[in-house]
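# I need the structure of the sequence given here:
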Amino acid sequence: MGHTLKVAGWISVGVVAGALTTVSLQTVARGALAPLPLEELQQLAAVFGMVKTNYVEPVDEKKLITDAIAGMVAGLDPHSVYLDKKALKDFNEGTTGRFVGVGIEISQEDGLIKVVSPIEDSPADRAGLKPNDLIVKIDETPVKGMTLNEGVKRMRGEPNTKVVLSVFRKDENRTFPVTITREEIKTQSVKAKLIEPGYAWVRISQFQERTVADFARKVEDIYKQEPQLKGLVLDLRNDPGGYLDAAVAISAAFLPENVTVVSANGQLDDSKFVYKASPRYYQRRGGADPLKRLEEVTRGALKSVPLVVLVNEGSASASEIVAGALQDHQRAKLLGNQTFGKGSVQTAVCLDSAFRMDNCPTAALKLTTSRYYTPSGKSIQAKGIVPDVMIDESADGNLFAALRTREADLEKHLSSGQGAEVKDAAREKSREDARIKLEEEMKKPASERRLPELGSAKDFPLTQALNQLKGLPVIVSKTLVERPEAEKEN
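Residues are numbered from 1 along each chain as shown. Below you'll find the predicted structure:
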């Protein structure tokens with residue numbers, strides 16, 4: 001392929017940073033040939049002059065211009081954005097899966113930072129940090145009362161710099177300092193294991209640069225342990241998206257050769273495309289086919305192994321492409337909740353024409369350029385993928401699903417382009433109920449909370465997925481129904 005395509009949709013409660021697709025600068029250059037609205041540009045220049053001369057205190061000219069650009073783009077839709085130098089750094093870290101830090105997955109517990117897991121062969125791993133360790137200080141700063149994001153920022157930094165973590169280890173009842181030298185971390189976006197004889201679980205948490213290679217290696221290991229695999233669960237819950245070529249590759253691993261995975265349509269020729277289950281659509285320039293060895297090791301078994309895909313409202317963008325392709329081709333049963341509904345593609349271009357996006361030094365523009373469609377031609381935008389079987393997120397129901405932000409909740413969200421949208425009036429009440437439940441739940445010890453770790457023995461949707469694979473009864477949700485498209489806000 002002549003360029004690399006990416007899609008992403010970072011989701012948290014109330015926070016969504018959209019997807020991206022990298023294309024050549026010429027795409028934007030052609031768009032700039034349209035006639036300019038001179039009267040409006042004169043007004044812009046007049047406002048600039050008035051602010052510069054009349055504002056109560058001096059203002060930076062460059063900041064005025066960049067703020068004007070940011071405002072222009074932000075008024076379009078939630079995923080079009082101007083990326084300044086800092087935002088560009090965060091953006092590239094998110095999609096490559098690389099950052100400089102200590103290398104731990106973390107959560108919060110009792111106001112402290114809890115080590116969920118050290119990343120394999122990271123500085124934290126080599127320093128001996130263990131799951132469930134509690135970080136009480138970062139250098140000389142107490143962690144109590146610090147947000148998780150603040151903790152992350154303090155632990156990240158420049159390569160070869162040191163950070164001292166004060167760690168409390170419960171099972172040894174002691175606190176001790178650990179000095180760690182920061183280095184570039186490559187995160188693992190794929191987890192996989194045999195759940196029981198004959199059945200495997202593969203989780204993709206995000207579609208990053210290394211996802212396909214990691215997926216191939218881990219599935220290969222599973223088949224070495226269990227050559228006669230009876231069923232596989234592909235877990236895409238809370239997967240916010242990532243690289244489109246990675247999503248196409250993962251789809252191709254399970255689908256027949258050359259069937260359509262995804263298509264897109266926009267104004268320019270570069271924003272119209274069809275991607276198929278073939279190496280030419282996902283193989284990086286100059287690289288080998290990352291799935292070729294996996295095909296040989298499994299003797300093609302991955303194309304026919306019984307497959308269940310788990311999704312929820314946190315499954316967005318690239319993960320929706322995979323789910324939609326496997327569903328449309330009847331290759332897998334989808335279980336879970338209706339997905340996020342981000343069916344738009346963004347083009348990211350370095351605003352310094354001398355540089356590509358992967359080494360852009362100053363600023364870039366990320367602009368929505370097309371909608372994408374499942375193989376059957378359905379737009380996912382503001383709608384999402386509807387599972388074949390709706391199941392609750394826990395045995396107690398969908399306690400907190402209403403708190404997840406969906407594409408249709410975002411201000412100025414793009415419509416699907418396939419008909420009218422109807423607003424869901426009951427959603428805010430559901431959210432308030434879920435907030436109250438979550439507050440009550442977070443007061444309990446971690447061991448007693450009702451939403452266990454994904455992939456654990458107490459993971460309710462995973463249990464139902466295994467039942468589906470085995471032909472056993474599945475506990476279908478009594479409350480979940482297909483949601484209508486949300487009303488577009490003007």
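
# Next, count neighbours for the closest residue to residue 279 other than its chain neighbours.
In space, and not counting its chain neighbours, residue 279 is closest to residue 289: 4.4 Å by Cβ to Cβ, 6 or more residues apart in numbering. Quick note: C-beta positions are derived from backbone N, CA and C, even for glycine. Residues lying near residue 289 (other Cβ atoms under 10 Å) number 18.

# Which secondary structure state does residue 289 sit in?
What DSSP: H, G, I helix; E, B strand; the rest coil gives for residue 289 is coil.

# Against residue 128, how distant is it?
39 Å (Cβ to Cβ, to the nearest Å).

# follow-up on the earlier one: am I right that the residue nearest to residue 279 is in contact with residue 283?
Yes - judged on Cβ atoms under 8 Å, residue 289 makes contact with residue 283 at a distance of 5.3 Å.

# How about stretch 275-295, which residues are buried there?
In terms of neighbour count (16 or more other Cβ atoms under 10 Å), stretch 275-295 has its buried residues at 275-279, 281-283, 289-291, 294-295.

# Any regions of the stretch 51-200 of the chain where pLDDT drops low?
Applying pLDDT under 70 to the stretch 51-200 of the chain flags residues 94-95, 97.

# Where do the strands of it begin and end?
With DSSP state E, counting those that start in this stretch, the ranges of strands along the stretch 51-200 of the chain come out as 81-83, 98-101, 104-109, 112-118, 134-138, 141-142, 162-169, 174-181, 183-186, 190-196, 199-204.

# Tell me which of these approaches residue 331 most closely.
Of all the strands of the stretch 51-200 of the chain, it is strand 199-204 that lies closest to residue 331, at 14.7 Å by Cβ to Cβ.

# Show me what the next helix or strand after the closest one is packed against.
Once the chain leaves strand 199-204, the next helix or strand it forms, by DSSP states H and E, is helix 211-225. In terms of contacts (3 or more Cβ pairs under 8 Å, 6 or more residues apart in numbering; DSSP states H and E), helix 211-225 is packed against strand 190-196, strand 199-204, helix 244-254, helix 292-298.

# Pipe these into JSON lines and attach distance to residue 384 per row.
Output for these, formatted as JSON lines (distance: least, Cβ to Cβ, whole Å):
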{"stretch": "strand 190-196", "distance to residue 384": "23"}
{"stretch": "strand 199-204", "distance to residue 384": "18"}
{"stretch": "helix 244-254", "distance to residue 384": "16"}
{"stretch": "helix 292-298", "distance to residue 384": "29"}
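
# and among these, the most buried is which?
Highest mean neighbour count among the helices and strands packed on helix 211-225 (mean count of other Cβ atoms under 10 Å): helix 244-254, with a mean of 27.

# how much space is there between residue 50 and residue 166?
Plainly put, residue 50 is 53 Å away from residue 166 if you go by Cβ to Cβ.

# neighbour count winner among these two?
Neighbour count, other Cβ under 10 Å: between residue 50 and residue 166, residue 166 has more, with 18 against 10.

# related to what we said a few turns ago, which of the helices and strands packed on helix 211-225 sits closest to residue 469?
Between residue 469 and the helices and strands packed on helix 211-225, the shortest gap by Cβ to Cβ is with strand 199-204, which sits at 6.3 Å.

# Quick one: list the elements packing against the closest one.
On a contact count with 3+ Cβ pairs under 8 Å, 6+ apart, strand 199-204 meets strand 190-196, helix 211-225, strand 231-235, helix 460-470.

# what about stretch 160-179, how long is it end to end?
Distance across stretch 160-179, first residue to last, is 12 Å (Cα to Cα, to the nearest Å).

# How far does it sit from its chain's centre?
The chain centroid and the centroid of stretch 160-179 are separated by 31 Å under Cα atoms, centre = their mean, to the nearest Å.

# Show me which positions of that stretch end up buried.
Neighbour counts over stretch 160-179 (16+ other Cβ under 10 Å) mark 163, 165, 166, 167, 168, 169, 178 as buried.

# how many neighbours does residue 58 have?
Residues lying near residue 58 (other Cβ under 10 Å) number 8.

# oh sorry, the question was meant for residue 107
Other residues close to residue 107 by other Cβ under 10 Å number 12.

# and what of the one 10 residues further on?
The tally of other residues near residue 117 (other Cβ under 10 Å) stands at 17.

# ok so, going back, next one: the residue nearest to residue 279 from residue 255, what distance?
Applying Cβ to Cβ, the value for residue 289 to residue 255 is 15 Å.

# ok now do the closest residue in space to residue 467 that isn't next to it in sequence, which residues does it touch?
In this structure, residue 467 finds its nearest non-sequential neighbour in residue 474, 5.0 Å apart by Cβ to Cβ, 6+ apart. Contact criterion Cβ atoms under 8 Å, 6 or more residues apart in numbering gives 335, 389, 391, 464, 467, 468 as the residues in contact with residue 474.

# Mind checking which of those are buried?
Among these, those buried by neighbour count (16+ other Cβ under 10 Å) are 335, 389, 391, 464, 467, 468.

# if I pick the third one, what's in contact with it?
By Cβ under 8 Å, 6+ apart, residue 391 lies in contact with 335, 336, 337, 460, 461, 464, 474, 475, 476, 477, 480.
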